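A.B. asks: next one to model:
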Amino acid sequence: MKRITYLFISLVFAGCQNSAKTPTTEANPQTQISTTTDFKLPEIPMAIVEPEARATYLASNYWTNFDIQNQGLKTDTANFEQLYSNYLLFLREGDQKSFCSAIENCIKHFHNDSTYLNKFYQLSEKYLYDPNSPFRNDEYYLCFINSLLGTNRMSFADSTRLAFQQELVSKNRIGHKAANFEYKTSDKKISNLYKINAPYTLIFFYNPDCHACQEVKQQLQNSVTVNNLLNNKNMTLLAVYTDEELDLWENSISGYPKEWIISYNPESRIKLDQSYDLKAIPTLYLLGKNKEVLLKDATVEQVNNFFDFQNKF
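C.D. replies: The predicted structure follows:
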C-alpha cells in the first residue's frame with residue numbers, strides 16, 4: 001500500500017473540557033493555531049459548557065474568522081492542511097447528528113472561491129476517502145461531496161470524479177441494508193448473504209496472498225470477542241475472496257478456521273458490479289440481524305469495541 005503523509009491534529013482540545021465559568025484561553029479558544037496567519041478560533045458562548053456541545057459549535061463556526069481575501073493563504077498549502085486536520089477534530093468530537101450541517105457551513109464560507117473549494121476537495125479525498133488514512137470516514141466525505149457539487153463551481157473533470165465517488169460511498173452506508181451477493185464454498189455450494197441467519201454477520205473481504213489480510217486474519221483469530229460470538233452462534237464470519245485466481249484461493253482454504261465460512265464470489269460479480277466499495281483489501285463489514293450495516297470498512301479493534309460497548313448495557 002502506498003504511504004501518505006498526514007498532518008495530524010496538533011490543536012490542544014483541552015478547551016472543550018473546561019468549564020465556561022472561568023474565562024481562560026482554554027475555555028474560550030482564541031489560540032493562534034496557524035504559523036503564518038492570524039487565524040483564530042471563534043469564541044464559544046459562555047453558556048455552552050458540555051464538551052460535545054462546545055466541539056459542535058466550533059465545528060459549525062470553525063472557518064468564520066478565516067480571511068479568504070488573504071492571498072498568502074492560498075499558497076501556504078501545509079498551513080491550510082493543518083487547519084483542515086484541526087477542523088476534523090471538532091467534527092469527530094462534536095454531535096454526530098450535526099456534522100453534515102457543519103460541513104455545509106464550511107463550504108458555504110468558501111462558496112465563491114474555486115481555489116479553496118479545490119483545496120477542500122483534495123484534502124477531503126486524502127483524509128476521508130483514501131483507504132490508508134486513519135481519518136477515513138465515508139459519511140463525512142459524502143457530506144463534502146454533496147456540498148462541493150452543490151456549489152456548481154467544480155471543474156467538469158472534478159465534478160465527474162466526485163459524482164462517481166458519490167455513487168460508491170452511497171452504497172452500503174451505515175444504518176442501511178447491505179447489498180446482497182452470492183458466494184460459493186469449497187464444496188461447490190452456492191448461497192447468498194441474505195440467507196445467513198445470525199444475529200450478526202461479519203464479512204471479511206480478503207485475498208489469500210495479501211500481507212495485510214493475513215494480519216487481519218490473525219487479529220480475528222486472536223479476538224476473544226469474535227471467538228465468543230462465533231462459539232455462541234451469535235455471529236457468522238463470512239470470508240469472501242473477490243478475485244479470479246481460484247487455484248490460489250483453493251490452496252489457502254486449509255489455513256482458515258473451520259468456524260468461518262470460507263468462500264469466493266462467483267465470476268467476481270462484486271468487483272464487476274461495484275456493489276461494494278472495496279478501495280483496499282482487506283475490508284470488514286459488520287451487519288446486524290436484518291443485514292443492516294453497523295460498521296463499514298472497520299478494523300478488528302472497532303469490531304471488538306462495538307461489542308464491548310454493547311455488553312455494558
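A.B. asks: show me the chain divided up by domain.
C.D. replies: The chain breaks down into these structural domains: 14-169, 182-311 (assignment by automatic domain parsing).
A.B. asks: format the ones you listed as CSV; extra columns: distance to residue 175, mean neighbour count and mean pLDDT.
C.D. replies: The C-beta positions use only the backbone N, C-alpha and C, and glycine is treated the same way. Rendered in CSV, the data for these read as follows (distance: least, C-beta to C-beta, whole Å; neighbours: other C-beta atoms under 10 Å; pLDDT from 0 to 100):
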stretch, distance to residue 175, mean neighbour count, mean pLDDT
domain 14-169, 9, 17, 85
domain 182-311, 6, 16, 95
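A.B. asks: among those, which is nearest residue 176?
C.D. replies: domain 182-311 (5.9 Å; C-beta to C-beta).
A.B. asks: so who does the residue nearest the centre of the chain touch?
C.D. replies: Closest to where the C-alpha atoms of the chain average out (C-alpha atoms, centre = their mean) is residue 137, at 1.9 Å. By C-beta atoms under 8 Å, 6 or more residues apart in numbering, the residues touching residue 137 are residue 128.
A.B. asks: next, it: phi, psi?
C.D. replies: When read as degrees, to the nearest 10, the backbone of residue 137 gives phi -160, psi 110.
A.B. asks: ok, residue 147 touching residue 109?
C.D. replies: No - taking C-beta atoms under 8 Å as the contact criterion, residue 147 and residue 109 are not neighbours in contact, 10.8 Å apart.
A.B. asks: what lies in contact with the helix or strand where residue 106 lies?
C.D. replies: When secondary structure is defined using DSSP states H and E, the element that contains residue 106 is helix 99-109. When contacts are taken as C-beta under 8 Å, 6+ apart, the neighbours of helix 99-109 outside the stretch itself are 56, 59-64, 66, 68, 87, 90-91, 94, 117, 120, 139-140, 143-144, 147-148, 150-151.
A.B. asks: over to stretch 146-164?
C.D. replies: Counting contacts by C-beta under 8 Å, 6+ apart, the residues outside stretch 146-164 that touch it are 103-104, 106-108, 111-112, 114, 117-118, 120-121, 145, 166.
A.B. asks: hmm, which two among those are most spread apart?
C.D. replies: Maximum pairwise distance among those (C-beta to C-beta): 22.5 Å, between 112 and 166.
A.B. asks: just the contacts of helix 99-109: which are in helices?
C.D. replies: Within these, membership in helices is found for 56, 59-61, 87, 90-91, 117, 120, 139-140, 143-144, 147-148, 150, as judged by DSSP state H.
A.B. asks: ok, so of these, who is nearest residue 98?
C.D. replies: Lowest distance from residue 98 to these (C-beta to C-beta) belongs to residue 56, with 5.8 Å.
A.B. asks: which residues does that closest one contact?
C.D. replies: Applying C-beta under 8 Å, 6+ apart to residue 56 gives the contacts 90, 94, 95, 98, 102.
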